[in-house]
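> task: produce atomic coordinates for the following.
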Amino acid sequence: MIKESVKTTDEKQEDNNPNIDYFDYKNVELLKKYTSYYGKIEPGTRTGMNRKNQARLAKAIKRARYLALLPYFTQ
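Sure, this is the predicted structure:
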């Protein structure tokens, strides 16, 4: 019987996240990847980011919403 390898948290983070030092609120295509169908910000467990980067991402999404680059919610 062959066991599938289980990915650690670090490996998941590397798979899901490009090396981004700064989330730019003007990069709407990147920010859309981290919002749900209804426009909610995906939780850190789903994005695989650490707490610091998740907070930076949320701040960038909120700035983009404020400037009407992203919708607050969709249908």
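
> skipping adjacent residues, who's closest to residue 57 in space?
Nearest non-adjacent residue to residue 57, counting by Cβ to Cβ, 6 or more residues apart in numbering: residue 23, 5.1 Å away. Every residue, glycine included, has its C-beta placed from N, CA and C.

> distance of the residue sitting nearest the centre point of the chain from residue 44?
In the chain, the residue lying closest to the centroid (Cα atoms, centre = their mean) is residue 34, at 3.5 Å. Using Cβ to Cβ, to the nearest Å, one obtains 10 Å as the distance from residue 34 to residue 44.

> quick one: residue 26 and residue 69 touch, right?
Yes: assessed by Cβ atoms under 8 Å, residue 26 is found in contact with residue 69 at 7.0 Å.

> pick out whichever of these two has more residues nearby.
residue 69 (14 against 11; other Cβ atoms under 10 Å).

> got the buried residues for stretch 57-65?
Going by neighbour count (16 or more other Cβ atoms under 10 Å), the buried part of stretch 57-65 is 57, 58, 60, 61, 63, 64, 65.

> which of the residues you listed fall within helices?
Within the buried residues of stretch 57-65, residues falling in helices by DSSP state H are 57, 58, 60, 61, 63, 64, 65.

> any idea of the pLDDT on the last one?
By that I understand residue 65. With respect to pLDDT, residue 65 has a value of 96.

> over to the one 10 residues further on?
Per-residue pLDDT puts residue 75 at 70.

> nearest spatial neighbour of it, skipping sequence neighbours?
Residue 75 sits nearest to residue 38 (Cβ to Cβ, 6+ apart), 8.0 Å away.

> count the residues that sit near the closest residue to residue 59 other than its chain neighbours.
For residue 59, ignoring the flanking residues on the chain, the nearest one in space by Cβ to Cβ, 6+ apart is residue 23 at 7.6 Å. Counted with other Cβ under 10 Å, residues neighbouring residue 23 total 19.

> alright, that wraps it up for me.
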